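# need coordinates for the following:
(2 chains)
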There are 2 protein chains.
Amino acid sequence: MVVGKSIIRPDSLDKAAGRTKYTDDLCDRNALVAKICHSTVTHALVKSIDTSEAEKIPGVVKILTCFDAPERTFPTAGHPWSTEPEHQDISDRHVLEKHVRYYGDDVAAVIAETEVAAVQAVRALKVEYEELPFVLDPQEAMKEGAPLLHEEFPGNVLKHTEIHKGNVEEAIKEPGLICVDGWYETPTVQHCHIENATCFAWEEGGRVHVTSSTQIPHITRRCIAQALGVPWGQVRLVKPYIGGGFGNKQDALYEPLCAWLTTQVGGRLVRLECQREETFANCRVRHAIRYHITSWLRPDGTLVARKADCWSNQGAYASHGHSICAKGMGSIPQLYPCENIDVRGWTVFTNIQVGGAMRGYGMPQAVFAMESHTEDIVQRLGLDPLAYRRAHLMQKGYFDPFSKNELYADSFNQTLDVGSEYIDFERKYKEYQHQTGDIRRGVGVAVLWYNTAVWPISLETSACRMVMNQDGSIQLQVGETEIGQGADTAFAQMAAETLGIPFEMVHVVSCQDTDVTPYGTGAYASRQTYAAGMAIRGCAEEFKRHILEVAYRYTRMQPYLMDIQDAKIIRTTDGRVLMGLGELATTVLYDLDHNEHLTMEKSTQIKTNAYSFGCCFAEVEVDIPMCQVKVLDIINVHDAGRIVNPALARAQVQGGMSMGIGYALAEKMLYDPKTGRLLNGNLLDYKLSTFMDHPNLEVRFVENSEPTSAYGTKALGEPPVVPVAPAIRNAILNATGVACHEIPMRPHLLYQEFTRKGLI
Amino acid sequence: MVVGKSIIRPDSLDKAAGRTKYTDDLCDRNALVAKICHSTVTHALVKSIDTSEAEKIPGVVKILTCFDAPERTFPTAGHPWSTEPEHQDISDRHVLEKHVRYYGDDVAAVIAETEVAAVQAVRALKVEYEELPFVLDPQEAMKEGAPLLHEEFPGNVLKHTEIHKGNVEEAIKEPGLICVDGWYETPTVQHCHIENATCFAWEEGGRVHVTSSTQIPHITRRCIAQALGVPWGQVRLVKPYIGGGFGNKQDALYEPLCAWLTTQVGGRLVRLECQREETFANCRVRHAIRYHITSWLRPDGTLVARKADCWSNQGAYASHGHSICAKGMGSIPQLYPCENIDVRGWTVFTNIQVGGAMRGYGMPQAVFAMESHTEDIVQRLGLDPLAYRRAHLMQKGYFDPFSKNELYADSFNQTLDVGSEYIDFERKYKEYQHQTGDIRRGVGVAVLWYNTAVWPISLETSACRMVMNQDGSIQLQVGETEIGQGADTAFAQMAAETLGIPFEMVHVVSCQDTDVTPYGTGAYASRQTYAAGMAIRGCAEEFKRHILEVAYRYTRMQPYLMDIQDAKIIRTTDGRVLMGLGELATTVLYDLDHNEHLTMEKSTQIKTNAYSFGCCFAEVEVDIPMCQVKVLDIINVHDAGRIVNPALARAQVQGGMSMGIGYALAEKMLYDPKTGRLLNGNLLDYKLSTFMDHPNLEVRFVENSEPTSAYGTKALGEPPVVPVAPAIRNAILNATGVACHEIPMRPHLLYQEFTRKGLI
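Reported below is the predicted structural model:
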């Protein structure tokens, strides 16, 4: 068994030693440097750009403005393409914009021999704007008379969807119901991956080649081709090792612009590297989503009806659009099933940074709302938080007719058991309920529910190729990307297990190259082990079958009497080793009678999905006069099916918990209401939580192997971030009796809340 | 029809614009630099190497001497591996040598931060030698008491083979036979490709990665692994665009040393770039082969018996060994068939540069001997050179039981017709026979015969993979390499023709990467269009079949009612266009019902071979007092089957003719008999012929489509060089009556010959 072992990542030593090559390491130092001129107003039409002073700067090669850019638009979202127009992503971006829709929008680009010349030239550009009124809040943006961002979207509504079940209006007529009503507000935050978005592009052989730090090479390639208006095969995209993405790189960011720039300078190599400030301002952010939830319950807690409205702040361009809001909305009827449900969601354009994919994809917002609301219910009804959840959460056997997902195990109770025992929840919750004094403690819980991969929302597919070397080792190629999470290690473990070779004999081709990498849509939707796992298993099974058929020629044993174990062809009937796999590969490759290069490639379509579950328990200490919260202890417990590599899985969960702590307590992008300008778009002013702010991050797994999954796995990449903020919020509530309805729960907010509650 | 058109190479614009990336362009400028310390004696044992002064030089990272090098040996020849030990190449190289066998052998290497430091350190090394006697001539080396280069090879004979047919001793008893006897001597020459051998290596993921300018990526990778003593899958080799090879890069040159060096500095990137002097001294050379041919003929020219002995000067190490000598020997019984034949060949180690593959692979030497000897026969018997050849050359229908090759057409007569007509041979030959005066003219002819690819001498195999893009264009991957000859263009034409798409829609993945490129043995043996052609045709046929099966799902037409033409799925019964290929590829890739990434990969073994034919006619002007020869006109006529791309084929032939002119008149590596040192190992002293020395190089083709070939093609890469030197030699004979028995026919030689003949 290779799957299930905490094998050390093969890329770890190289990364520790600084040997690993990232996008920027691979760019020729003689590349031309591109720098972007960003708008200094929030909403405007560009009237003119005077390039005369900039053009005088030595080293400037070419200046291109929004007036030079093609009229053609392109979509940026990292979704598989749909051949049905109504399911295609909104195509609303130009490589440079004449109508700027946020402070920092791209109006021109300078290409220069050096970075200094490029920066100087950008500063020397004189842009004249016709300013327009702007709007930052989605509900404000929906009002009549609000500034309109995109003519095609009246009321600035990108999309509105509703989910209905039963009849809320009728149901709430039941006498004696208690109505619990709450607003829950989440902030705009940024991914803050280590490696900024960076890419370089050149023309060769009449095609455009782009190397980029992207999570989604095949999709980004298509977006570039759409931006350039060329057949998609005219673009090649290469993805080297990347320093994190968390969803930000699940969008075509500056690859289309960079690709266009190279076509404007005769195909010369052009490098476009984002600064950290551009990662904040010009890449993607997590949508701020405002939820309003109203629940009608019987005194015993039975949920009779629920209404939830939400408004997702899309920012200036469509990117992933409504799908993020919709994913969160979809959890509401399922997490706490209820006969009568109305959920309504709006994704709304505003003049802020563009909302895109970020770890959790709408679920951190929805679960913050839902699990805060659940705690509000528990408080209002005087119930036990754990008992309430155990009684009302989705139960074993729950089946969703749309995704065909089923809760096969008693996952919620099992994870709650582990987490509550670790944190000693029952005892502490009661003990902490009626504290006095300045320093108080509290425990809180929140659960999570998550789908795996994207079927049936959209296409779910992965392809895998295996190339055998003469020593029986293989190269493994998939389109799903290593983005720092350890995907390659998990893939190698899977391939080794199915093929029957040691882990060390699987060499994952980590660098995706759309010219030769089998089609896979990339790293997102926590799909790697589930979707790519199926492609790997499918390919490996077929490869093994083929290898045993070839082995028959040399061993004379029927294929069904043989197996591959530890890189040896064995006879299953008596366990005898017939020949080494390397010997077989060498023999057949050089066989003068019947030679063959052993390879296998297989496309796999995935038409299943899988529920992933978990919970978080947090214990906090609240300093009431200082309005400070310290997380004393925290545990995430996940049922992500079978764990491929416990050490890597633990690291993945810890990373998510860290992100969740920052989401709960610190992070928020702030806007100047007067100018619409982002105020803290850098790592000095944006308070990213670090390991100094964290206690021990405890991680446990409940391994209910997923029956639909090639290796029993299901989503684990994104889920860890989801329940952390509400668990901390509920712990603060337990400590202080103060129910926050907004994150981050920074001292500013707590001062306000504590004052209102009379604590200070 | 795409095959047969003079389509412009897709890489030409990039190469002209300097955009194409060669090995050295791709190396990180921070790479460590390796420089080799070469021996300053010709044959010796290294007693000691004092590194103390060298180590003091700032920037020196590591010095490794022959005493640090592994005892392990490795073979270098660019042959497919054989699983049978007796067919494996001789393994006689260490990465550094304690027993130096030629002036310039590798005794130590310095790795430094900069090139200057590395060069200084190499100079500062103090090497103490125990000198041994040396030998430069193969026949001298075979004598008893001659210095021995390799203990395993007594008499310095690497290998000796004989070909016998009939009974020469009996046959020559026939009364009235005329015996014609001659010695023919060819020089050691060098390939002089533009790009010197260069490579860089590093470790990543526990494997050794090498990027190298090699013709044979998959084979060199194996040689590196053998040198390092690691499983072959532990090595990855990448081959970018390369600036020529002509066979020199059909050997593992410094890749094994470079790979070993990186393992000695913790996997840091190490660059090893040959200087031009190292290309001469330390890479490979064309074997000097001495032929002694004796023929017994009836007065009408009928060949009754023939004896040929040859001695091939292998130089210091085995490299391709006897196979080059053997290939030339093999032509002797076939070119002019004869009932009684004795051919004996010896490949002999001497203390000069290592003989390896070079364009023509033993055939330029053999054909110089044979076609000079034929002319000597014609002269002696007073026959007509053309008529004699037409009568006695291999005739239509000739069948070789070993290779199963057959002469399907009247190729010799056809090519001789075209060539003799162009040069007006019959008239001029007679006219020039009895000239007087200082300036005389002459015409000469020589023919050539060449096999295609390497079956049945060794494994012949190629594999191909095609990856379809959403626009119906494809990437084409084969292991056969573009080395400047235009192979990629020919491959793309073939794929386009079989798949039914325009040429522009085939994107050849020119860079081979042994991790992902289907196994192919590389560029050698004029096998590209024949061997890779079969892989491409086989893959394309199967891919097309599969595509039409997929098309059935959308068109509902049976696959056998459809075809692909001009990237459209058409119904063959009425020619109706059913859908675009791009539309099909897009639809199936994103099909929610049955999605698939369209790719195809196929290994093809080749168990046929094909005769390639041609001839050269040259007209020269000889300045007798000045001992100068000027080529006035020259034509090569080839039957290389169907010509894939006439413009590229013409360029290929012209390159070979240029090389042949240099071989005839100028090029020779010279040795100091006292020290054994190469005297002219640089481009100043080595007289490479240039286009200033050439007349118009006329090229014609006789296209007899080869019946065994996927696209009707056969060898054309190497043949053009083969007949040029004997044609010029025979033209000088026609002009002056002087029969040279040696090339190059430089003024030095001609002065000697003209003096002997009393012309001056």
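
# kindly report the residues of the stretch 551-700 of chain A close to chain B.
Residues of the stretch 551-700 of chain A lying close to chain B (C-beta under 8 Å from any C-beta of the partner chain) are A:582, A:586-587, A:589-592, A:594-597, A:599, A:601, A:603, A:605. Using the backbone N, CA and C atoms, a C-beta is placed for each residue, glycine as well.

# try it again at 10 Å.
Contact residues, the stretch 551-700 of chain A versus chain B (C-beta under 10 Å from any C-beta of the partner chain): A:582-583, A:585-607.

# can you report phi and psi for A:Lys249?
Here is the backbone geometry of A:Lys249 (degrees, to the nearest 10): phi -90, psi 20.

# so how far is chain B from it?
For A:Lys249, the distance to chain B equals 22 Å [C-beta to the nearest C-beta, to the nearest Å].

# wait, A:Pro70 touches A:Ala259, no?
No - between A:Pro70 and A:Ala259 there is no contact under C-beta atoms under 10 Å: 11.8 Å.

# out of the residues of the stretch 551-700 of chain A next to chain B, which are inside strands?
Judged by DSSP state E, those include A:599-605 as members of strands.

# can you lay out these as TSV showing pLDDT?
As requested, those are exported to TSV (pLDDT from 0 to 100):
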residue	pLDDT
A:Thr599	98
A:Met600	98
A:Glu601	98
A:Lys602	97
A:Ser603	96
A:Thr604	97
A:Gln605	97
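
# what about those, which one has the most neighbours?
Highest neighbour count within these, by other C-beta atoms under 10 Å in any protein chain shown: A:Thr604, with 24 neighbours.

# surely that one is in contact with A:Ala540?
No - assessed by C-beta under 10 Å, A:Thr604 is found out of contact with A:Ala540, at 11.2 Å.

# please tell me how far A:Lys568 sits from A:Pro559.
A:Lys568 is 15 Å from A:Pro559, where distance means C-beta to C-beta, to the nearest Å.

# hang on, the earlier thing: more crowded one of A:Pro70 and A:Ala259?
Shown here are A:Pro70 and A:Ala259; by other C-beta under 10 Å, A:Ala259 has more neighbours (32 against 13).

# dump the residue contacts of the more buried one.
A:95, A:199-203, A:208-210, A:212, A:220-221, A:223-225, A:227-228, A:230, A:235, A:237, A:252, A:270, A:272 (C-beta atoms under 10 Å, 6 or more residues apart in numbering or on different chains).

# identify the contacts common to A:Pro70 and A:Ala259.
In contact with both A:Pro70 and A:Ala259: A:95, A:227-228, using C-beta under 10 Å, 6+ apart.

# export these as CSV, with columns for pLDDT.
Formatted as CSV, those follow (pLDDT from 0 to 100):
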residue, pLDDT
A:Val95, 98
A:Ala227, 98
A:Leu228, 98
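
# scan those residues and report the most crowded one.
With neighbours taken as other C-beta under 10 Å, the top of these is A:Ala227, carrying 26 neighbours.

# quick check: it vs B:Leu132, distance?
Distance, A:Ala227 to B:Leu132, by C-beta to C-beta: 69 Å.

# picking up where we left off before, quick check: the farthest pair among the ones in strands among the residues of the stretch 551-700 of chain A next to chain B?
Based on C-beta to C-beta, the longest span within those runs between A:Thr599 and A:Gln605 and measures 21.0 Å.

# residues contacting A:Pro337?
Contacts of A:Pro337 were listed using C-beta under 10 Å, 6+ apart, and they are A:165, A:303, A:392-395, A:398, A:400.

# where do the contact lists of A:Thr604 and A:Ala540 overlap?
Jointly contacting A:Thr604 and A:Ala540 under the rule C-beta under 10 Å, 6+ apart are A:464, A:710.

# hmm, back to that, restrict the contacts of A:Ala259 to contacts with chain B.
Restricting the contacts of A:Ala259 to those adjacent to chain B (criterion: C-beta under 10 Å from any C-beta) gives A:202-203, A:221, A:225, A:230, A:235.

# so can I have JSON lines of those showing pLDDT, neighbour count and secondary structure?
Below are those laid out as JSON lines (pLDDT from 0 to 100; neighbours: other C-beta atoms under 10 Å in any protein chain shown; DSSP: H, G, I helix; E, B strand; the rest coil):
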{"residue": "A:Trp202", "pLDDT": "97", "neighbour count": "27", "secondary structure": "strand"}
{"residue": "A:Glu203", "pLDDT": "95", "neighbour count": "22", "secondary structure": "strand"}
{"residue": "A:Arg221", "pLDDT": "98", "neighbour count": "30", "secondary structure": "helix"}
{"residue": "A:Ala225", "pLDDT": "98", "neighbour count": "23", "secondary structure": "helix"}
{"residue": "A:Val230", "pLDDT": "98", "neighbour count": "16", "secondary structure": "coil"}
{"residue": "A:Val235", "pLDDT": "98", "neighbour count": "28", "secondary structure": "strand"}
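
# and which of the residues you listed is nearest A:Gln353?
Ranked by distance to A:Gln353 (C-beta to C-beta), the ones next to chain B among the contacts of A:Ala259 are led by A:Arg221 at 24.8 Å.

# surely the closest one touches A:Glu255?
Yes - the criterion here is C-beta under 10 Å, and A:Arg221 meets it with A:Glu255 at 8.4 Å.

# overlap of the contact sets of these two?
Shared contacts of A:Arg221 and A:Glu255, defined by C-beta under 10 Å, 6+ apart, comprise A:208, A:210, A:212, A:214, A:235, A:237.

# torsion angles phi and psi at the third one?
A:Ser212 adopts backbone torsions of phi -150, psi 150, taken as degrees, to the nearest 10.

# show me the domain layout of chain A.
A:12-132+A:191-282, A:384-452+A:609-757, A:461-508+A:520-605 (automatic domain parsing).

# please name every helix or strand in contact with the longest helix seen in chain A.
Looking across chain A with DSSP state H, the single longest helix is helix A:533-555. The contact analysis (3 or more C-beta pairs under 10 Å, 6 or more residues apart in numbering or on different chains; DSSP states H and E) places helix A:533-555 against strand A:461-468, strand A:474-478, helix A:487-499, strand A:562-565, strand A:568-571, strand A:577-580, helix A:581-589, strand A:599-605.

# helix/strand/coil for A:Trp296?
Under DSSP: H, G, I helix; E, B strand; the rest coil, the three-state class of A:Trp296 is strand.

# so which bits of the longest helix of chain A are buried?
A:533-540, A:543-544, A:547-548, A:550-552, A:555 (16 or more other C-beta atoms under 10 Å in any protein chain shown).
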